[in-house]
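Colleague: Generate coordinates for the sequence data below:
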Amino acid sequence: MAQCGLLTANKQPVPLKSIDVELEVNDHVATVVSTLNYKNNEDKPIEAVFVFPLPGDATMCHFSAEIGQTQILAEVKEKEKVCDEYDTLSSDQQESEQSQDIFTLSVGSLLPGETASIRLEYVTELSVEADDGLRFCLPAVLNPRYQPQGSKDRRSGNVQVTSVPSSSVPYSLSFSARVFSSHPVFKIQSNCCLDPLQYLNTDQTQAKVKLAAGHKFDRDIELLIHYKDVHKPTVVMEAGQCSAELGSLMADPVVMVSLYLQQSSSASCGEFVFLMDRSGSMQGSKIKSARDTLLLLLKSLPMGCYFNIYSFGSNYEHMFLKSVEYSKKTMEEALKKVEQMDADLGGTEILKPLNHIYSQPLIPNQTRQLFVFTDGAVGDTNQVIDLVKKNSSSHKCFSFGIGNGASADLINGMAKEGGGQAQFVTETDSLEPKVMQSLRCGLQLRMTDISVTWDLPEGVSATVLSQQIPELFPGERTLIFAQITGLKPSSKGADGYAIVKYRLAGHLSEEKLHFSLKRTEDTRLTVHRLGALTLIRSLEMKESENGGSPDEAVKKKIVDLSVQSGVSSIFTSFTAVNKKNGKAIEEPLLRRAISSPSNKGGVRCRPNSGVRRRPNTSKKPSRDFLLQLVSLQEASGCWLLNPSLAAVVGKSIKEMENSKPERVNDEVWATILALIWLHGFNKDSEVEWVLLAAKAVSWLRAQNAPNATECADAGNSLLGCNVRKGALGISLVVQEPVDKAAVPQDGLYLSDEPCYILLLIVLISFFSGFLFGACYF
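Modeller: Just a heads-up that it's a prediction; the model follows:
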């Protein structure tokens, strides 16, 4: 297994003794401060190199170390100046087109028996999960990389990655988190045991939590942070750094506007292209999960859309010559071919199939949306991302990293440049909910034409740091950073407003968001550094688009901003400096590389992707029954009354036929039974079947079933469920028995709306808020 942390020149780990981690969350962004303590147990000095796998959306902003009696600080310097000072810069460090997964820094010599204390700090945006929770993960396991054929340093085969057993972790871990938000903190969940959540103020917008005593770093540490009213846009203003140069970004206040588009009930058609990794590393549970996922996807697509399925490895295949219209015939043909899929296509080369997909003519009035599934990494990551970016005006890209070996740069980069979503799933997690969440986003309307203007006191102005504000999918979040200038002492206590305009479903909307201009100190400068990163990446993008020699004015701006903020760029790098004499320890070592399987250097680890939920009923059937029910649904959305359906719901065909109300169509009766069964016994898998349930509701509405209410009563009686009907149309709402004082938890409606809709109501029990400290794994 590849190593990270403090390593010797031979890439052997220096023994780790303890880790202390402090997480500070500010609304949707976070700063992570880690202190790692090591000891040289050998009888001779060792040359030490620190290797740290950065999370995909994170950027390093501080690194310091005490190596014996030597104090070291990493400084951001311009690469050209550093290269002039040090002639030993190696070729792999000069490579600027490699992955940004790895932070590597030489820290010098560690004598026998000496200890080393390393402190690092990075900032990151927190991703939004399907249940609206903000996710943080501190990685523990390192993953292999795969080099495609024709790439330099190619290695054959794949390396199996397993979890680290608790007995093999001879060090301690201390982890604490402080959360500051514009919204009240509703709950914090974890896959590890936590001490009870503590609120720091009366309105519950500040909270802290700690890892329970006795934990060893034997797994990824994950937090899911849930805010109340998370869908409401927010504004956060962070004061600048007093010691920064006057007029610079780091000295001025920076505002962060957070927009989160709530899940919509409206669905639209389009063209859906699924690109599935069938390389050798996908064998076993991964390829089975991929087949199950394609089954759910194919069953959930709406009538009238277009679709195609591609597979790739060392070469690629496509199921149809071009995308075909979704129908009973094409769906069944695709399902037969999906059943025969295996991990038998060799390596992991994605560029060729992507080129082929992008070369296909677009279907008029159908937005093309690409869903990419892979468990590995490639050596041409930047070429792949550039290709996605080049076609982003006509294609949307959703990407899914399967297992511990998936490259964060590849998955995040494709989704970011393709205007879609990135999701990561480990072997212990389920792929299907993540995919179905993204498909729901692909089927729903988007927020477009987003703009921000400002209402500020006279003399005060705001400059948006990124000129391109992306369109927003339902369930997706975007952050907009702006630098505030001209703020004077006389402005203290004044108010400012961010006016956000956007178009949704053809309608122009406007939100006026208030924030205080009162200056408050913030030592972490999380918002500033992420704002600086946003501006740096925007300027770098302009440079890459220009080609040729860099614009000196733009280059100088990038370098100045990078040095001031401590955020690296294409023109800067970190250099380890001895604080006592100011001399560099060695050449600058911000290494950006993809490691091959046999390379023992540090590689990127992928976090687990979600917190497991407790089932809502003890009567939950096997997952196989859910997949069987899904496979039985017709392309139109209905189910047929037959022995196969009876077997899934646990009844005989005779019982189902005898319980059917008179004058009710067999398909209507079967479809209502299937929906009651889903809501009654599979609540915790709802995100997987919500779209195919929407198809069923749409189909039922089109049938104008006269006895739907009677069917619901009969279905309740037959399946042993308690389902309440609404006053208009049919409302199937799962209830606990009355003596348990339950409230409705979920609903699906048949209404007179002309749209294809599913009104999904999730009412969470009040008392779930007291489970903050629960241990879920």
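Colleague: next one: stretch 530-541 to chain centre, how far?
Modeller: Its chain's C-alpha centre and that of stretch 530-541 lie 20 Å apart, by C-alpha atoms, centre = their mean, to the nearest Å.
Colleague: Give me the contacts around that stretch.
Modeller: Stretch 530-541 has contacts (C-beta atoms under 8 Å, 6 or more residues apart in numbering) with 29, 59, 123-125, 249-250, 254, 256, 465-468, 479, 481-483, 554, 557-558, 561-562, 564-565, 567, 569-570. Yep, even glycine has a C-beta here, placed from its N, CA and C like the rest.
Colleague: What subset of the residues you listed is buried?
Modeller: Burial by neighbour count, 16 or more other C-beta atoms under 10 Å: within the contacts of stretch 530-541 this picks out 29, 59, 123-125, 249-250, 254, 256, 465-466, 479, 481-483, 558, 561-562, 564-565, 567, 569-570.
Colleague: biggest helix in the chain, by residue count?
Modeller: Counting by DSSP state H, the longest helix found in the chain is helix 526-546.
Colleague: Tabulate the CA atom coordinates of that one in PDB.
Modeller: Written as PDB, here are the backbone C-alpha positions of helix 526-546 (Å, rounded to 0.1, in the frame of the first residue of the first chain):
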ATOM      1  CA  THR A 526     -11.200  30.700   5.600                       C
ATOM      2  CA  VAL A 527     -13.400  32.900   3.400                       C
ATOM      3  CA  HIS A 528     -10.500  35.100   2.300                       C
ATOM      4  CA  ARG A 529      -8.300  32.100   1.300                       C
ATOM      5  CA  LEU A 530     -11.100  30.400  -0.700                       C
ATOM      6  CA  GLY A 531     -11.900  33.700  -2.300                       C
ATOM      7  CA  ALA A 532      -8.300  34.100  -3.200                       C
ATOM      8  CA  LEU A 533      -8.300  30.600  -4.600                       C
ATOM      9  CA  THR A 534     -11.400  31.400  -6.700                       C
ATOM     10  CA  LEU A 535      -9.700  34.500  -8.100                       C
ATOM     11  CA  ILE A 536      -6.400  32.700  -8.800                       C
ATOM     12  CA  ARG A 537      -8.100  29.900 -10.600                       C
ATOM     13  CA  SER A 538     -10.100  32.400 -12.700                       C
ATOM     14  CA  LEU A 539      -7.000  34.300 -13.700                       C
ATOM     15  CA  GLU A 540      -5.200  31.000 -14.400                       C
ATOM     16  CA  MET A 541      -8.000  30.000 -16.700                       C
ATOM     17  CA  LYS A 542      -7.700  33.200 -18.600                       C
ATOM     18  CA  GLU A 543      -3.900  32.600 -19.000                       C
ATOM     19  CA  SER A 544      -4.500  29.000 -20.300                       C
ATOM     20  CA  GLU A 545      -7.100  30.300 -22.800                       C
ATOM     21  CA  ASN A 546      -4.700  33.000 -24.100                       C
END
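Colleague: Can you name the element that comes right after it?
Modeller: Sequence-wise, the next helix or strand downstream of helix 526-546 (DSSP states H and E) is helix 552-565.
Colleague: who touches that following helix?
Modeller: Contacts of helix 552-565 (C-beta under 8 Å, 6+ apart): 61, 76-78, 244-245, 248-250, 528-529, 532-533, 535-536, 539-540, 542-543, 567-572.
Colleague: measure G531 to V51 for me?
Modeller: 28 Å (C-beta to C-beta, to the nearest Å).
Colleague: hang on, the earlier thing: which of the contacts of helix 552-565 are buried? Put it as a ChimeraX command.
Modeller: Remark: buried members of these, expressed as a ChimeraX selection using 16+ other C-beta under 10 Å:
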select :61,76,77,78,244,248,249,250,528,529,532,533,535,536,539,540,543,567,568,569,570,571,572
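Colleague: Show me the helices in the stretch 601-750 of the chain, by range?
Modeller: 623-632, 643-649, 653-659, 666-681, 686-703, 708-719 (DSSP state H, counting those that start in this stretch).
Colleague: any chance of these in JSON lines, with mean pLDDT, distance to A213 and mean neighbour count too?
Modeller: Output for the helices of the stretch 601-750 of the chain, formatted as JSON lines (pLDDT from 0 to 100; distance: least, C-beta to C-beta, whole Å; neighbours: other C-beta atoms under 10 Å):
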{"stretch": "helix 623-632", "mean pLDDT": "83", "distance to A213": "35", "mean neighbour count": "17"}
{"stretch": "helix 643-649", "mean pLDDT": "92", "distance to A213": "46", "mean neighbour count": "18"}
{"stretch": "helix 653-659", "mean pLDDT": "92", "distance to A213": "54", "mean neighbour count": "14"}
{"stretch": "helix 666-681", "mean pLDDT": "88", "distance to A213": "39", "mean neighbour count": "24"}
{"stretch": "helix 686-703", "mean pLDDT": "79", "distance to A213": "34", "mean neighbour count": "21"}
{"stretch": "helix 708-719", "mean pLDDT": "84", "distance to A213": "46", "mean neighbour count": "19"}
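Colleague: Out of the ones you listed, flag the one nearest K336.
Modeller: The closest of these to K336 is helix 623-632. By C-beta to C-beta, the value is 11.6 Å.
Colleague: Relative to the whole chain's centre, how far out is that closest one?
Modeller: Computed by C-alpha atoms, centre = their mean, the separation of helix 623-632 from the middle of its chain amounts to 27 Å.
Colleague: Give me the packing partners of that helix, helices and strands only.
Modeller: helix 285-300, helix 643-649, helix 666-681, helix 686-703 (3 or more C-beta pairs under 8 Å, 6 or more residues apart in numbering; DSSP states H and E).
Colleague: let's see it at 7 Å
Modeller: helix 285-300, helix 643-649 (3 or more C-beta pairs under 7 Å, 6 or more residues apart in numbering; DSSP states H and E).
Colleague: Residues contacting that helix, please?
Modeller: 292, 295-296, 299, 639, 644-645, 648, 674, 677, 682, 685, 689, 692 (C-beta atoms under 7 Å, 6 or more residues apart in numbering).
Colleague: what are the C-alpha coordinates of it, in PDB please?
Modeller: Presented in PDB, the C-alpha positions along helix 623-632 are these (Å, rounded to 0.1, in the frame of the first residue of the first chain):
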ATOM      1  CA  ARG A 623     -32.600  -5.400  -0.900                       C
ATOM      2  CA  ASP A 624     -32.900  -8.100  -3.600                       C
ATOM      3  CA  PHE A 625     -36.700  -7.700  -3.400                       C
ATOM      4  CA  LEU A 626     -36.400  -4.000  -4.100                       C
ATOM      5  CA  LEU A 627     -34.300  -4.600  -7.200                       C
ATOM      6  CA  GLN A 628     -36.800  -7.300  -8.300                       C
ATOM      7  CA  LEU A 629     -39.600  -4.900  -7.900                       C
ATOM      8  CA  VAL A 630     -37.700  -2.300  -9.900                       C
ATOM      9  CA  SER A 631     -37.000  -4.800 -12.700                       C
ATOM     10  CA  LEU A 632     -40.700  -5.600 -13.000                       C
END
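Colleague: what angle do it and helix 666-681 make?
Modeller: Here helix 623-632 runs at an angle of 150 degrees relative to helix 666-681 (axes from the mean of the first three to the mean of the last three C-alpha atoms, to 10 degrees).
Colleague: and the angle for helix 623-632 with helix 285-300?
Modeller: Going by the same axes, to 10 degrees, helix 623-632 makes 40 degrees with helix 285-300.
Colleague: remind me which residues of the stretch 301-450 of the chain are low pLDDT?
Modeller: 426-429, 441, 444-445 (pLDDT under 70).
Colleague: Show me the strands in it, by range?
Modeller: In the stretch 301-450 of the chain, the strands defined using DSSP state E, counting those that start in this stretch lie at 306-312, 316-318, 324-325, 368-374, 395-402, 419-425, 447-455.
Colleague: and those as JSON lines, adding mean neighbour count?
Modeller: Putting those into JSON lines (neighbours: other C-beta atoms under 10 Å) gives the following:
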{"stretch": "strand 306-312", "mean neighbour count": "23"}
{"stretch": "strand 316-318", "mean neighbour count": "18"}
{"stretch": "strand 324-325", "mean neighbour count": "16"}
{"stretch": "strand 368-374", "mean neighbour count": "25"}
{"stretch": "strand 395-402", "mean neighbour count": "27"}
{"stretch": "strand 419-425", "mean neighbour count": "24"}
{"stretch": "strand 447-455", "mean neighbour count": "16"}
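Colleague: Okay then, goodbye and thanks.
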